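Student: just a sequence and a predicted model for now, questions to come.
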Amino acid sequence: MMVSPDQKMTMRMGLNFLVLLFGLCTIFASVVTVAEAWQEHLQARWPEVTARVDECSLDPTSSGLREKFHIRCRLSYAAGAEQHAANIHSNNVPSREVWQYPRNQIAPYEAWVNDHPEGTPIVVRYDPADHTKVVLVATDMPRGGPRTPNNVKLLEFLAGIFVILLTIARITRPRSFAQSAGSSMPLNP
């Protein structure tokens, strides 16, 4: 099957577009990974304290047509002589009524809420500059914990595809007659 010059040009342009797209995605993912890694590094240095659960529930969100839920807990803790309150939230999860794979993703969220009734102690780190900002020390909340490991996996994936596409683009790039002739013929001897 012969490929016309127009088809070759279209394929080359498509490949160049994909190289550019994955290059930009790789840059964006690296910026996000570095920023979140730095934020998590700083949070790991915050003071640690044991907070108490004031209220913990699985609340509906108002995002989109699909009904979703998230964990919302109000915590109270003492830092020095002062009493403080803070809220923690989880990522969203679809309700049972929505088709999903794997099925019943809300079950671990319900179990976590049931395991943390009022008065339950939870170890958190609090921001010394803003006592309403806290992060959990234990990463047992569903879809909780540091994001950096998953960000690094995504960055590796995007960078890998970028390198593969760039290699293909370099191998398949057209060579002009002057380049191919110049490699076999010496320039002014």
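Tutor: Cool, the structure landed.

Student: C-alpha from now on. contacts and neighbour counts both.
Tutor: Will do.

Student: so what's Glu55 bridging to?
Tutor: Arg74 (DSSP bridges).

Student: ok, now the one 4 residues further on?
Tutor: Legend: beta-bridge partners of Asp59 under DSSP bridges are His70.

Student: and if you look at Glu48?
Tutor: Arg125.

Student: wait, it touches Pro128, no?
Tutor: No: using Cα atoms under 8 Å, Glu48 is not in contact with Pro128, being 10.3 Å away.

Student: ok, longest helix in this structure?
Tutor: helix 5-43 (DSSP state H).

Student: which strands or helices does it pack on?
Tutor: Contact here means 3 or more Cα pairs under 8 Å, 6 or more residues apart in numbering; DSSP states H and E; on that basis helix 5-43 packs against strand 121-127, helix 148-172.

Student: what's near enough to touch His84?
Tutor: Ser76, Tyr77, Ala78, His131, Thr132 (Cα atoms under 8 Å, 6 or more residues apart in numbering).

Student: could you check how far the last one is from Gly80?
Tutor: Distance from Thr132 to Gly80, counting by Cα to Cα, to the nearest Å: 15 Å.

Student: what does the fourth one give?
Tutor: For His131, the distance to Gly80 under the criterion Cα to Cα works out to 11 Å.

Student: thanks a lot, catch you later.
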